[in-house]
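In: Just a sequence and a predicted model for now, questions to come.
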Amino acid sequence: MPPRTPLCAHVWPPPRAELHISRLAVPRRHRGQGHAVLLMRWALDRASRFPREIVEWITVSSLQTAVPFYARLGFKPADGPQKAPV
């Protein structure tokens, strides 16, 4: 079985101008050690390097159980798709 990618993201070009993170996964045995935070900080740093007209928004797909994790990083939960400015 091929290794799984811990972070899957896609940049949608204008007019959408969005970086969407569709997956962030850390194996159970490595959880609680800050790996997910490091991956997200890396992704957010990379997003900030894009020109504003290319990445104006960062969105995340998340399980309900992960909402508190993303909230600690500044994301706001929504009932449906929601965009947060970069």
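Out: Here it is on my side, so go on.
In: Distance of the residue nearest to Val60 when sequence neighbours are not counted relative to Ala66?
Out: Leaving out its chain neighbours, the residue that sits closest to Val60 by C-beta to C-beta, 6 or more residues apart in numbering is Ile21, at 4.7 Å. All C-beta atoms are positioned from the backbone trio N, CA, C, and that covers glycine. Distance, Ile21 to Ala66, by C-beta to C-beta, to the nearest Å: 11 Å.
In: Same check on Asp45?
Out: Counting by C-beta to C-beta - Asp45 and Ala66 are separated by 20 Å.
In: longest helix in this structure, by residue count?
Out: When the chain is parsed with DSSP state H, its longest helix is helix 35-48.
In: Where in this protein is the helix or strand with the lowest mean pLDDT?
Out: Counting by mean pLDDT, DSSP states H and E, the weakest-scoring helix or strand in the chain turns out to be strand 84-85, with a mean of 55.
In: Need the mean per-residue confidence for the longest helix of the chain.
Out: Over the span of helix 35-48, the pLDDT mean works out to 92.
In: residue closest to the middle of this protein?
Out: Ile21 (3.8 Å; C-alpha atoms, centre = their mean).
In: mind listing what it touches?
Out: 7-9, 40, 43, 58-61 (C-beta atoms under 8 Å, 6 or more residues apart in numbering).
In: Which of the three states applies to the nearest residue to Cys8 once chain neighbours are set aside?
Out: Nearest residue to Cys8, sequence neighbours excluded (C-beta to C-beta, 6+ apart): Arg23, at 3.9 Å. At Arg23 the chain is in strand, as set by DSSP: H, G, I helix; E, B strand; the rest coil.
In: His10 now?
Out: Applying three-state DSSP: His10 is strand.
In: From what I see, Leu24 and Leu7 are in contact.
Out: Yes. Using C-beta atoms under 8 Å, Leu24 is in contact with Leu7, at 5.5 Å.
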